[in-house]
Structure formats: structure tokens, C-alpha cells
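Colleague: give me coordinates for this.
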Amino acid sequence: MHCKSIRFRAASLTRLATALALAGGASLVQATEGGVSSWPMGIEIHGMGILPPPGTYGQVFVGNYLADTLRDDAGDKLPVDFDLRVTTIVPRFVWVTERQVLGGQLGFHALLPLNDIRLNVGGQRDHKRGIGDAHLGPVIGFHPSDKFHVATGVDFILPTASEYDKDDLVNLGTNYYTVQAVLAMTYLDPAGFNADVRLMHDYNFENRDTHYRSGRELHADYTLGWGLGNGWVIGVGGHAYQQISDDKCGASAQVDATDGNRGRTFSIGPAVQYASKDGWFFSAKWQDESGVRNRPEGQTYWLKFTTAL
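Modeller: Next comes the predicted model:
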């Protein structure tokens, strides 16, 4: 990958689950390498700040992302034929221990996505299917009240994807390490107002195959809803994303773009959750992107199932 002129091809592809690509002419700029972030934006739905009682839990996320538009640094549509379709299944394992740390519960989680990516850009096509990049890390959960819950931790995103080739149209992973600081909060009322937010800050390391280093990223998943008192919560949800430092080529050289290839997106759409009396949860969310800069623009749906093991 050339840092001063991004040629007509999509670069490194697939962030955890909702992988994204960018392509275009020599003047095209990209937010982070290939328009990719390690976190699948908007994947979390209701209850994202609640760490459950000690025990082991399983979650499965299913997502589908469709994009046919690319936006530049001014938010204008780029004149290139583009069609990206990403389907992902993400199993997640959560272990909450009996140990207390700083007055909160200590837990750990790990997930490994299974991705199917299809890209058509400028008449060129590529399709890959396989394992993406793993996420794992510790988390501490606090319960200030019966309705308000907080979880904080650090996630480590590892380049575990099945394969990587810098010259391919799509890849199953980013091919670099990311450290992500996390703060999540939930206000839960089974028969009233509900709100969730998961704040994240990503520090990306260099891709050794391309010598490209994506800038730091600040983003959040969120939901707002109303509990109906019968296990159902209905509302809206989505994500907000802003890249807060420039991309770099090599040790310190800036990329050839006046805005440093900084990306931005926002999404919103309907969200719903059902909590069963048996202790399992099911959530669903559809989100439409807007305000996009230096990234693809599309729509995503997420399904989430949680149960004790």
C-alpha cells in the first residue's frame, strides 16, 4: 500500500465484524487504513454496561452490513461503482469471577468473529470467508444502584485473521494490534426509561506489511428506550464515530491528505430487546449511517442473544 497515493483498489478490510472498504482514484483519501476500524460500530445494543452475577455466559451476535456509497473528506459521494456486503457471526464468551477489584466485579471476555465479505469496486470483485480478528480483555463491573450500572476495562484486538495480503481487494483482518479503553453505562428500568452508552478510545499500532499507522479513534455505541413492563424494551440505537488523530506512513510521516484521512460517521435506527423470565435476552437493531466522512455509507442490522452457560 502506498501512503502518498492510494491506487484504484480497496485496501485492508474487515473490522472485527462489520468490515468496511474504501476504493477510488489517486486522490481518494481514507479514514484509517482501508476505512477500517477494529470495532464493529453499533454492535452493542441494550444492557451494554451491565456485568452479570458471577458465572459464565455466552453471547452470539449476527450482523449484516450493506454499502454502495463512498464519501470523501467533504462528505461528497465519490464517482465510483461500489458494492460491499459483509455478513458476520460473532460468538462471545464472558466469565465473571467472585473476585472484587476496586469495589467492583472482575470479569473477562473474548470473542472471535466469522466473516463473509463480498466486494465489487470499479468492476473488480473479491470474496473471502473465514476467521477475523479476536478481541479479549478484563472488565470491572459496578452497580451504584438497582437501575444504574457501569463497566470499564481494556480490550486487546489481535491480528488473528485467517490470512492477509496487502494487494488483495479484501482481507479478513486489519493486520495490526489495537488497544481499546472502554467505559460502558446502563440505566435500566423494566417499566420506564432505558439508556445505554459504550464509550471507546482506540490506539492503533502499525501494520508491518504496509508501514501504515491508523489514527486514534473515539467512538460510542448507544441505545435509548422505554421498558413496557413485560420484558420488552423498544427504542432507538446506533453509533457515533470520530477519528481524532491523523493517519501516518512509516515512523512519523503524515499521509498525503490535508485532513489526515480522519473519518466520521453517525447512525441511528430502531432497537428492541426481550428479557425472558428464564434469564436469556434477545436484542435487535437496524441502523442507517449519515454524516459520513472518508468512509463508506450504508446500513447495518445486528441481532444479539445472551444466556447463562
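Colleague: assumed residue 52 was part of a helix.
Modeller: No: per DSSP: H, G, I helix; E, B strand; the rest coil, residue 52 lies outside any helix segment and is coil.
Colleague: that one contacts residue 96, doesn't it?
Modeller: Yes: Residue 52 lies in contact with residue 96 (Cβ atoms under 8 Å); the separation is 6.0 Å. Yep, even glycine has a C-beta here, placed from its N, CA and C like the rest.
Colleague: biggest strand in the protein, by residue count?
Modeller: Scanning the chain for the strand with the most residues, using DSSP state E, yields strand 82-101.
Colleague: show me what that one is packed up against.
Modeller: strand 55-71, strand 104-111, strand 114-121, strand 295-308 (3 or more Cβ pairs under 8 Å, 6 or more residues apart in numbering; DSSP states H and E).
Colleague: separation between residue 215 and residue 124?
Modeller: Note on residue 215: its distance to residue 124, by Cβ to Cβ, to the nearest Å, is 27 Å.
Colleague: the two: which is more packed in?
Modeller: Comparing residue 215 with residue 124 by other Cβ atoms under 10 Å, the one with more neighbours is residue 215, at 21 against 13.
Colleague: ok, so what distance separates residue 81 from residue 295?
Modeller: 17 Å.
Colleague: hang on, I meant residue 114
Modeller: According to Cβ to Cβ, residue 114 stands 23 Å off from residue 295.
Colleague: of the two, who's got more company?
Modeller: residue 295 (27 against 16).
Colleague: what's opposite that one in the beta bridge?
Modeller: Counting by DSSP bridges, residue 295 forms beta bridges with residue 71.
Colleague: just checking, it touches residue 71?
Modeller: Yes: contact criterion Cβ under 8 Å: residue 295 and residue 71 qualify, at 6.3 Å.
Colleague: sorry, back to before: mean pLDDT added to the helices and strands packed on strand 82-101, as CSV?
Modeller: What follows is those, written out as CSV (pLDDT from 0 to 100):
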stretch, mean pLDDT
strand 55-71, 94
strand 104-111, 97
strand 114-121, 91
strand 295-308, 94
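Colleague: which one, of these, ends up nearest to residue 243?
Modeller: strand 295-308 (9.4 Å; Cβ to Cβ).
Colleague: off-centre distance for the longest strand of the chain?
Modeller: 10 Å (Cα atoms, centre = their mean, to the nearest Å).
Colleague: parallel or antiparallel, list what pairs with it.
Modeller: In the sheet, strand 82-101 lines up against strand 55-71 (antiparallel), strand 104-111 (antiparallel), strand 114-121 (antiparallel) (DSSP bridges).
Colleague: list the buried residues of it.
Modeller: Residues of strand 82-101 classed as buried under the neighbour-count rule (16 or more other Cβ atoms under 10 Å) are 82, 84, 85, 86, 87, 88, 90, 92, 94, 96.
Colleague: swap in stretch 50-66?
Modeller: Buried positions in stretch 50-66, judged by neighbour count with 16+ other Cβ under 10 Å: 50, 51, 52, 57, 59, 61, 63, 64, 65.
Colleague: any low-confidence regions in the stretch 201-309 of the chain?
Modeller: Across the stretch 201-309 of the chain, the ranges flagged by pLDDT under 70 are 250-260.
Colleague: need the helices for it, in chain order.
Modeller: Counting by DSSP state H, counting those that start in this stretch, the stretch 201-309 of the chain has no helices at all.
Colleague: re earlier: quick one: the longest strand of the chain to strand 295-308, angle?
Modeller: If you take axes from the mean of the first three to the mean of the last three Cα atoms, to 10 degrees, strand 82-101 sits at 40 degrees to strand 295-308.
Colleague: beta-bridge partners for the residue lying closest to residue 203 once chain neighbours are set aside, please?
Modeller: Closest residue to residue 203 apart from its sequence neighbours, by Cβ to Cβ, 6 or more residues apart in numbering: residue 179 at 4.8 Å. Counting by DSSP bridges, residue 179 forms beta bridges with residue 156, residue 203.
Colleague: same deal with residue 199?
Modeller: Assessed by DSSP bridges, residue 199 has beta-bridge partners residue 183, residue 220.
Colleague: what is the neighbour count of it?
Modeller: Neighbour count of residue 199, defined by other Cβ under 10 Å: 16.
Colleague: contacting residues for it?
Modeller: 182, 183, 184, 218, 220 (Cβ atoms under 8 Å, 6 or more residues apart in numbering).
Colleague: go again with 10 Å.
Modeller: Contact analysis of residue 199 by Cβ atoms under 10 Å, 6 or more residues apart in numbering lists 152, 181, 182, 183, 184, 185, 218, 219, 220, 221, 222, 240.
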